[in-house]
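>>> no sequence for this one, just the structure:
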């Protein structure tokens, strides 16, 4: 007797459904410090993280809940993936208040005054491998940063991906910044001048720095709409800004990347020192990438 109410057995399944995977987010500032063995994982999967240097590694889910880590030693850690996106953090000794002693990241550089405003920002960019000294003993905090240097910083931040050769008449193929300029141009982070040059050794202006960071943010899919509602007319010298740079300046000010200078000035055409760019890059990482 067959129970017609329950019916016969069902047909075979139509193939297994792939499990839902969730992102493992490592901020760009940590690209050279923390590596994961995968970029996505399903709930319950084991994820392995490798951290370089001394510091405290953290993993938090989308609700801000801390995910438990297992320390395997030698900078390796594992965790079980929750059913949500996770974000990886890493606090180094440089992220703590620094006393300027022998363990200070800036200690090798004789020209870094650890009592000055820029000290912790220089520590930050050194620790995160965004900037190097100009020599083994000099950081040159008060020297102007060049266009080539700024592009190299962003290239370092990206983990130095292999890119396209730079197609500018004044960028030699064997120049130390050539790969960085090629990468930046191919990703529309930089544009050259009308005469086909890039002028890598020219001091970068504050508006150029804002424009390059603005385009860098766009290339990474970061929302730059905060600039649309930012009023920069309160700066007494805003009329000195180039028209092309206005949206970038609005974004940089609104996002907390670029601060004004004394006297209510934005100084858009002023140069930026290496120390100032270090501070800008720290704010970029803390305010934009988080």
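Right, received. Where do you want to start? What you see is a predicted model; the values in this text were computed from it and never measured. Residues are numbered from 1 along each chain as shown.

>>> residue ranges for the strands of the protein, please.
21-25, 34-36, 40-42, 46-51, 55-61, 70-73, 76-80, 86-92 (DSSP state E).

>>> quote the end-to-end distance of stretch 22-31.
One end of stretch 22-31 sits 19 Å from the other (CA to CA, to the nearest Å).

>>> can you check stretch 81-90 too?
18 Å.

>>> quick one: buried residues of it?
Neighbour-count burial for stretch 81-90, with 16 or more other CB atoms under 10 Å as criterion, is recorded at 81-82, 85-90. Yep, even glycine has a C-beta here, placed from its N, CA and C like the rest.

>>> what's the lowest-pLDDT member of these?
Taking these together, the minimum pLDDT is found at residue 90 (86).

>>> residue contacts, that one?
For residue 90, the contacting residues are 30, 33-34, 51, 55-58, taking CB atoms under 8 Å, 6 or more residues apart in numbering as the criterion.

>>> show the buried residues in these.
So, by 16+ other CB under 10 Å, the buried ones in those are 30, 33-34, 51, 55, 57.

>>> pLDDT and distance to residue 103 added to those, as a markdown table?
Formatted as a markdown table, the entries for the buried ones among the contacts of residue 90 read as follows, by pLDDT from 0 to 100; distance: CB to CB, whole Å:
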| residue | pLDDT | distance to residue 103 |
| --- | --- | --- |
| 30 | 86 | 20 |
| 33 | 86 | 17 |
| 34 | 91 | 21 |
| 51 | 90 | 18 |
| 55 | 77 | 13 |
| 57 | 88 | 19 |
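
>>> quick check, nearest of those to residue 18?
If you rank the buried ones among the contacts of residue 90 by distance to residue 18 using CB to CB, residue 34 comes first, at 27.0 Å.

>>> correct me, but that closest one touches residue 48?
No. Using CB atoms under 8 Å, residue 34 and residue 48 do not qualify as a contacting pair, with a distance of 11.2 Å.

>>> residues in contact with residue 113?
Applying CB under 8 Å, 6+ apart, the residues contacting residue 113 are 119, 141.

>>> circling back: what is the nearest of the buried ones among the contacts of residue 90 to residue 280?
Where those are concerned, and distances follow CB to CB, residue 280 has its nearest neighbour in residue 30, at 18.3 Å.

>>> isn't the closest one up against residue 130?
No. Using CB under 8 Å, residue 30 and residue 130 do not qualify as a contacting pair, with a distance of 11.1 Å.

>>> now do the shared contacts for the two.
Common neighbours of residue 30 and residue 130 are not found (criterion: CB under 8 Å, 6+ apart).

>>> any idea what residue 42 is bridged to?
Taking DSSP bridges, one finds residue 21 as the beta-bridge partners of residue 42.

>>> number of nearby residues for it?
Around residue 42 there are 12 other residues, counting by other CB atoms under 10 Å.

>>> residues in contact with it?
With CB under 8 Å, 6+ apart, residue 42 has these contacts: 19-22, 81.

>>> burial check on residue 25, number of neighbours?
Neighbour count for residue 25, taken as other CB under 10 Å: 18.

>>> apart from its chain neighbours, what residue comes closest to it?
residue 87 (4.7 Å; CB to CB, 6 or more residues apart in numbering).

>>> tell me who's in contact with the one you found.
Listed by CB under 8 Å, 6+ apart, the contact partners of residue 87 are 25, 27, 59-61.

>>> same check, this time on residue 34
Residue 34 sits next to 26, 49-52, 57, 88, 90 when contact means CB under 8 Å, 6+ apart.

>>> would you confirm that residue 157 contacts residue 27?
No. Using CB under 8 Å as the test, residue 157 is too far from residue 27 to be in contact (9.8 Å).

>>> the more surrounded of the two?
Comparing residue 157 with residue 27 by neighbour count (other CB under 10 Å), the higher total belongs to residue 157, at 24 against 19.

>>> residue contacts, that one?
Under the criterion of CB under 8 Å, 6+ apart, the contact partners of residue 157 comprise 28-29, 31, 128, 130, 281.
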